[in-house]
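Asks: the sequence isn't on hand, but the structure is:
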Ligand code: ZN
């Protein structure tokens, strides 16, 4: 396992369409492990292949409900709406308000190349929308309502 270099906004790879994965090779298994490591190291809850310079349709998400791997994902159902702050490891230190569906059902292959359906609400639904868009070369900054803002991190020690 290894930490990979995260690509930042302005890197042209983030605007390219990633390619379908046909088979999960040992290299791809290593990539998936590295993507989780890289995401946790950066305190993120999702990461897509292009963000580490790999133009393959692979995303990893962990919003506190366990590790989820998405290969060649597609959204098959959405409902509701949520409006809230969103950030991206490729746009560090910034947040912006984005409206997303509140419920998302996706179909994707898992790390064993089995076709699965995964559904989620709230943050998990938001993360799926956000990560899948990376695979088509889009960043959330295109959807931000109003201005991008500087992220404000809560102080860990607020004792008086
Ligand atoms: Zn992102």
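Replies: That came through, no problem. This is a predicted model, so every value here is computed, not measured. Numbers count the residues shown, from 1 in each chain.
Asks: gap between the helix of greatest length in the chain and the chain center?
Replies: Across the chain, the longest stretch assigned as helix under DSSP state H is helix 26-41. Helix 26-41 sits 13 Å away from the centroid of its parent chain (CA atoms, centre = their mean, to the nearest Å).
Asks: what helices or strands is it leaning on?
Replies: If you count contacts as 3 or more CB pairs under 8 Å, 6 or more residues apart in numbering; DSSP states H and E, helix 26-41 packs onto strand 46-48, strand 58-61. Every residue, glycine included, has its C-beta placed from N, CA and C.
Asks: count of residues packed around the closest residue to residue 151 other than its chain neighbours?
Replies: Closest residue in space to residue 151, ignoring its immediate chain neighbours: residue 95 at 4.8 Å, by CB to CB, 6 or more residues apart in numbering. Residues lying near residue 95 (other CB atoms under 10 Å) number 18.
Asks: can you pull the contacts of the closest residue to residue 23 other than its chain neighbours?
Replies: Among residues not flanking residue 23 along the chain, residue 113 sits closest, at 6.7 Å (CB to CB, 6+ apart). For residue 113, the contact set (CB atoms under 8 Å, 6 or more residues apart in numbering) comprises 23-24, 71.
Asks: how close does residue 113 sit to residue 58?
Replies: 12 Å (CB to CB, to the nearest Å).
Asks: now do the shared contacts for those two.
Replies: With CB under 8 Å, 6+ apart as the test, residue 113 and residue 58 both reach residue 71.
Asks: so what's the residue count around residue 8?
Replies: Residue 8 has 13 nearby residues by other CB under 10 Å.
Asks: all good on my end, thank you.
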